[in-house]
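Trainee: coords below, sequence missing:
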């Protein structure tokens with residue numbers, strides 16, 4: 001049942017290492033943050049461009065539907081002729 005003791009030692013050692021290298025960690029995390037921020041901006045631009053493209057396609061389809069002429073019947077029934085009595 002020494003698992004909590006071993007886990008405590010590992011967490012404590014990690015804290016000591018992090019405290020002794022805090023400048024390096026701070027520098028690395030800020031670099032990682034900037035890279036992530038740039039990546040997010042690129043993805044956002046791509047999504048916006050895709051969204052605009054899809055909206056344009058939808059508008060074109062709706063315009064095509066509204067400009068189509070309604071189909072008329074080619075053959076119509078002749079009216080019945082009343083017989084003269």
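Mentor: Structure received. Nothing here was measured: the structure is a model prediction, and the numbers come from that model.
Trainee: could you give me the average pLDDT of stretch 51-67?
Mentor: For stretch 51-67, mean pLDDT rounds to 80.
Trainee: just give me how far that stretch sits from the chain centre.
Mentor: Averaging C-alpha positions (Cα atoms, centre = their mean, to the nearest Å) puts stretch 51-67 20 Å from its chain's average.
Trainee: what does stretch 40-51 give?
Mentor: Its chain's C-alpha centre and that of stretch 40-51 lie 8 Å apart, by Cα atoms, centre = their mean.
Trainee: hmm, who's touching it?
Mentor: With contact meaning Cβ atoms under 8 Å, 6 or more residues apart in numbering, stretch 40-51 is reached by no other residue. (C-beta placed from N, C-alpha, C; glycine too.)
Trainee: any low-confidence regions in the chain?
Mentor: Applying pLDDT under 70 to the chain picks out residues 1, 66-73, 84-85.
Trainee: which stretches of it form strands?
Mentor: Shown for the chain, no strands are assigned by DSSP state E.
Trainee: measure the most centrally placed residue in the chain to residue 83 for me?
Mentor: Geometric centre of the chain, nearest residue: residue 47, 6.0 Å, by Cα atoms, centre = their mean. Residue 47 is 73 Å from residue 83, where distance means Cβ to Cβ, to the nearest Å.
Trainee: same thing with residue 58?
Mentor: 57 Å.
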